[in-house]
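**Q** Provided below are the primary sequence and the corresponding predicted coordinates.
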Amino acid sequence: MTLKNQDLTYILGSVIPPGDALNIKKNYLALFISFDYSLAMIKNKNHKSITVLGAGAWGTAMAMVLAKKGHDVCLWALEKDVVGEINRKHQNSRYLKDVKLPESLVAEGDLLKAAENRDVIIIAIPSLYVLENIKRLLSVENIREGKSLIALLSKGFVETDKGIRLLVETCEDYLPGFYKNSLIYVSGPSHAEEVAQGKVTGLISASLSGINAIKIRELLSGENLMVFSSFDVVGVQICAAMKNVIAIAFGMFDALKELSEKFGDNTESLLLAAGLNELQILGKAMGASHPETFTSIAGVGDLDVTCRSIYGRNRRFGREIILKKLIEPYKNIDEIKAHLNQIGYLPEGLFAADLAHELIEKHHLKMPITQGVYQVLSRKQSPLKVVNGIISSLTRGANGESQKQSEIKL
């Protein structure tokens, strides 16, 4: 198989932002030379053995998509009842209701057995538990020898001995050297419920290894799933983690539409735009490589759907903080985390806000929405006081003074 000019143009357009397409650096040339082998391999070996770790809504939906494409798919679930239901009834009513799963999709409760001898391992575990499971996977031969391609779907930051870090770099520190700069991070505006229903959806496959980004792009792409590749692993991860924090604030604003005449769609769009700016601020501080990431589906696209969709857990969490006074029984953010079983769902923005607060202080950043959400969750300020503070910060002029605004009261 020989790459033609139009193939290179297509690759350039999908991997490198358009502004860079005419300025190819030397390190990209080696990438293009190896595309002959990579793309030929993709076309010649369509059937793959794939394990998806994590049978939550997103992991289940991704496993379903891959099984329908004819791959040999195993879905690892922690809960025995979930494993049994998937294998016997071909459904996952706990996490993805009213969806019929392919009969070829097999669930497994043993993590190490699920990961053995697989071409691809896709990690869809909540960020809080990713690292402990990566450590367990080190005993699996195909991972120990770097034979399995590993992609991450999890969203959030990781608290480590080296400080607050992103998922990809943290996992690479523990995995064998084969995986350095080779892991793939997948994200985008993709509620599991709609992916499972076959709604047209777009994703970003990001890796410092262009070949690996394209391998996952080709693996996931289908009739209703469009996947684009990117080198900006840091930027895509920042967007994926921080959009959940902004969505909590959005949920609070959305709830206030029902309680105050001062809140409406315009107010929410104001918050959304300011939230996108905060994603960019933190992304720049942490080394995001392409500004275009934040205006792509990984940035504004994912932020929009997370804030506005009825499926969004973080939006729901923000709404219930206002409407149900959900967190009033708890003294601080740690108590909220400890009582998630009482809340009944896992809003990942809760954990991201806590860790983002530390990153903001470390890098001396001004991010009033994120800091406001942290203040609410840590029970240091009331939701209404924080909302008023956010509005005040959004109207602050170049001289640092806020335009006069009447305080929101209920």
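**A** Here it is on my side, so go on.
**Q** every contact and neighbour count from this point should use C-alpha atoms.
**A** Noted.
**Q** and the helix or strand where Ser392 lies, which residues are buried?
**A** According to DSSP states H and E, Ser392 maps onto helix 383-394. Residues Pro383, Leu384, Val386, Val387, Asn388, Ile390, Ile391, Ser392, Ser393, Leu394 are the ones in helix 383-394 that count as buried (16 or more other C-alpha atoms under 10 Å).
**Q** the first one and Val376 touch, don't they?
**A** Right, Pro383. Yes: judged on C-alpha atoms under 8 Å, Pro383 makes contact with Val376 at a distance of 5.7 Å.
**Q** show me the strands in the chain, by range?
**A** 49-53, 72-76, 106-108, 120-123, 149-152, 157-160, 163-166, 184-187, 201-206, 225-230 (DSSP state E).
**Q** Leu346 is nearest to which of these?
**A** With respect to Leu346, and counting by C-alpha to C-alpha, the nearest of the strands of the chain is strand 157-160 at 15.0 Å.
**Q** got the buried residues for the closest one?
**A** Quick answer for strand 157-160 (16+ other C-alpha under 10 Å): Phe157, Val158.
**Q** what about it, average pLDDT?
**A** Here strand 157-160 scores 94 as its mean pLDDT.
**Q** what does that strand rub up against?
**A** Ser127, Leu128, Ile164, Arg165, Leu166, Leu167, Thr170, Ala241, Ala352, Leu355, Ala356 (C-alpha atoms under 8 Å, 6 or more residues apart in numbering).
**Q** ok, stretch 217-234 next?
**A** Against stretch 217-234 from outside (C-alpha under 8 Å, 6+ apart): 14-16, 42, 65-66, 166, 168, 184-185, 195, 198-210, 213-214, 283, 286-290, 293.
**Q** so how do I select the buried members of these in ChimeraX?
**A** Command for ChimeraX that selects the buried part of the contacts of stretch 217-234, burial taken from 16+ other C-alpha under 10 Å:
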select :14,15,16,65,66,166,168,184,185,195,201,202,203,204,205,206,207,208,209,210,213,214,283,286,288,290,293
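**Q** can you pull the contacts of the nearest residue to Asn244 once chain neighbours are set aside?
**A** Nearest-residue entry for Asn244: Gly349, 4.4 Å, with adjacent residues in sequence omitted and distances by C-alpha to C-alpha, 6 or more residues apart in numbering. If a contact means C-alpha under 8 Å, 6+ apart, then Gly349 has Gly156, Ala241, Met242, Lys243, Asn244, Val245, Ile246, Ala247, Ile248, Asn314 as its contacts.
**Q** neighbours of Val227, how many?
**A** 23 (other C-alpha atoms under 10 Å).
**Q** wait, what's in contact with the closest residue to Pro368 other than its chain neighbours?
**A** Residue nearest to Pro368 in three dimensions, not counting chain neighbours: Ile390, with 6.1 Å by C-alpha to C-alpha, 6+ apart. Under the criterion of C-alpha under 8 Å, 6+ apart, the neighbours of Ile390 are Pro368, Ile369, Gly372.
**Q** so where's the chain shaky on pLDDT?
**A** 1-45, 396-410 (pLDDT under 70).
**Q** re the thing from before, just the closest of the contacts of Ile390 to Glu116, please.
**A** Closest to Glu116, out of all of the contacts of Ile390 and judged by C-alpha to C-alpha, is Ile369, at 43.5 Å.
**Q** Asn277 is in contact with the closest one, correct?
**A** No: with contacts counted by C-alpha under 8 Å, Ile369 stays clear of Asn277, the gap being 10.2 Å.
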